[in-house]
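[1] structure for this input, please:
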Amino acid sequence: MKRKLSTKLFLFSQFSILLIGLSLLGALHYLLNIQYQAPTSRYSTSGGPVTSEPRSLLISLEEPDDNRLVFKSSLLISGRTSPNLPVLISTESEDLVINSRSDGAFSSTLELREGVNTITVAVFDVSGDSRSETKTVYYSKEKI
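    I've put the predicted structure just below:
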């Protein structure tokens, strides 16, 4: 014996199947797009009040001035950074590693070669982040 399906029940069942199918497709689309999204920075500049990434590691080289002409072979290198961090002072001829003091200050004397001396001072923190600053000093044995 065949039962006749009413029009209302038929339309309701078709509409229910359509809604369930669309819901499943929407969920699948959502899950696949979440998986392939590019990670966003914690300090995003789009849509927030933060306009640049915070810099917890800083370096400020106070001595020497850039493009300085000196007539002595020894030169004082000094500056400030975060406390108790290794500081690398590097030239074409030598590398020197010192530690910043508890107030963040550092200083050392460096022997210059005659002519152009490029001095790079870099600091490194425990997370592997680094900052550097470069100065050029000209050393002449003869006063001009």
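[2] how about the helices in the protein?
    7-35 (DSSP state H).
[3] so where's this protein shaky on pLDDT?
    1, 35-55, 144 (pLDDT under 70).
[4] quickly list the domain ranges of it.
    Domain assignment for the chain by automatic domain parsing gives 1-38, 59-139.
[5] now mean neighbour count too, for those, in TSV please.
    The way it works is simple: take the backbone N, C-alpha and C, and place the C-beta from them, glycine included. Listed next are the domains of the chain as TSV, based on neighbours: other Cβ atoms under 10 Å:
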stretch	mean neighbour count
domain 1-38	9
domain 59-139	15
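[6] name the nearest residue to residue 129, sequence neighbours excluded.
    residue 57 (5.1 Å; Cβ to Cβ, 6 or more residues apart in numbering).
[7] give me the number of residues near that neighbour?
    14 (other Cβ atoms under 10 Å).
[8] show me where the chain has strands.
    59-63, 68-70, 74-81, 86-90, 95-99, 105-111, 115-124, 130-139 (DSSP state E).
[9] which helices and strands sit right next to the first one?
    Here strand 59-63 is seen to pack against strand 74-81, strand 115-124, strand 130-139 when contacts are counted using 3 or more Cβ pairs under 8 Å, 6 or more residues apart in numbering; DSSP states H and E.
[10] again, only using 6 Å
    strand 74-81, strand 130-139 (3 or more Cβ pairs under 6 Å, 6 or more residues apart in numbering; DSSP states H and E).
[11] show me how far the last one is from its chain's centre.
    When you say that, I think you mean strand 130-139. Offset of strand 130-139 from its chain centre (Cα atoms, centre = their mean, to the nearest Å): 20 Å.
[12] give me the most central residue, this protein.
    residue 129 (7.1 Å; Cα atoms, centre = their mean).
[13] out of the strands of the chain, nearest to residue 21?
    strand 130-139 (54.5 Å; Cβ to Cβ).
[14] reformat the strands of the chain as CSV; add distance to residue 7.
    Formatted as CSV, the strands of the chain follow (distance: least, Cβ to Cβ, whole Å):
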stretch, distance to residue 7
strand 59-63, 79
strand 68-70, 94
strand 74-81, 81
strand 86-90, 82
strand 95-99, 86
strand 105-111, 87
strand 115-124, 77
strand 130-139, 75
